[in-house]
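Q: need coordinates for the following:
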Amino acid sequence: MGIRLRRAIGAGLLLACAALAGCATAPAEHFYTLAGAAAPARSDVNYYVEVLAVNLPPQVSRNQLVVTGAGGRIELLEQERWAGPLAAEVGQALSLGVTGELGAIDVYRTPYPETLPVYRISTNVQRFESVLGQYALIDAVWSVRQLSTSKVLTCRSVVKEGVDAGYDSLVAGHRRALRRVAAQMARAIRGFGGSGGDGRGC
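A: I've put the predicted structure just below:
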């Protein structure tokens, strides 16, 4: 075997080893969800809810977690990702939260009998802020409309949850914040007379 050929093979082996080493040390990706466990529907609830798809600011509507730093600087975290599109994660969390509070069924994109009233929830998230080691914040404008009537209620929820260091704590803070928003939505539906209405609206 010639000297040049041996050198070429040696260089190729070095490049292959370097590539393998780079692959071996690539940081692992972590995936997070905002949805909790589903609660069973109650047989005594005589209405449905319909939680529509959620609107999110484009800055955070990404697969990666987006954290806010000093001076309004934002950072996309390539290794920290949502399990699904963030709008879908938020929508599912709100749906599970509302139905869990009320014991009702979410009929979004599902045929349903017209004999029962339906309360439609529309949500526009204006801020979804994540500050690592400090807080998770949800600022959302939402409305509840009873489809069989012209009744509609529009509200705003601003919920801030303190968090510890780490991404697990940050995601847990957003989950708590969304549960609080869902509880406010459920209370609004009760105010329509859906289930023991207290008339408090927002």
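Q: and the next helix or strand past the helix or strand of the chain with the lowest mean pLDDT?
A: Considering only helices and strands, the least confidently modelled element of the chain by mean pLDDT, DSSP states H and E is helix 3-24, at a mean of 47. Moving toward the C-terminus from helix 3-24, the next helix or strand (DSSP states H and E) is strand 30-32.
Q: who does that following strand pair up with?
A: Sheet pairing here is set by DSSP bridges, and for strand 30-32 it gives strand 74-82 (parallel).
Q: mind listing residues that contact the strand it pairs with?
A: Strand 74-82 is touched from outside by 27-34, 59, 62-69, 89, 167, with contacts defined as C-beta atoms under 8 Å, 6 or more residues apart in numbering. Backbone N, C-alpha and C define where each C-beta goes, glycine included.
Q: burial measure for the residue lying closest to Glu29 once chain neighbours are set aside, as a count.
A: Closest residue to Glu29 apart from its sequence neighbours, by C-beta to C-beta, 6 or more residues apart in numbering: Gln79 at 5.1 Å. Neighbour count for Gln79, taken as other C-beta atoms under 10 Å: 13.
Q: same question for the one 10 residues further on.
A: As a burial measure, the neighbour count of Glu89 was computed by other C-beta under 10 Å and equals 22.
Q: which element is it on?
A: Under DSSP H and E, the secondary-structure element containing Glu89 is helix 86-102.
Q: so what's the residue nearest the centre of the chain up against?
A: When C-alpha atoms, centre = their mean is applied to the chain, the residue found nearest the centroid is Val90 (2.6 Å). Val90 makes contacts with Leu34, Val54, Leu56, Thr123, Val125, Phe128, Leu178, as judged by C-beta under 8 Å, 6+ apart.
Q: farthest pair within these?
A: The two members of the contacts of Val90 with the most space between them (C-beta to C-beta) are Leu34 and Thr123, at 13.3 Å.
Q: centre of the chain to the helix or strand hosting Ser122, how far?
A: When elements are assigned from DSSP H and E, Ser122 belongs to strand 118-131. Taking the mean C-alpha point of strand 118-131 and that of its whole chain, the gap between them comes to 9 Å (C-alpha atoms, centre = their mean, to the nearest Å).
Q: in stretch 47-59, which residues are buried?
A: By neighbour count, and taking 16 or more other C-beta atoms under 10 Å as the criterion, the buried residues in stretch 47-59 are Tyr47, Tyr48, Val49, Glu50, Val51, Leu52, Val54, Asn55, Leu56.
Q: which of the residues you listed lies closest to Tyr112?
A: Each of these was scored against Tyr112 by C-beta to C-beta, and Tyr48 proved nearest at 5.6 Å.
Q: contacts only, for that closest one.
A: Going by C-beta under 8 Å, 6+ apart, Tyr48 touches Ala104, Ile105, Asp106, Val107, Tyr112, Leu116, Pro117, Val118, Tyr119.
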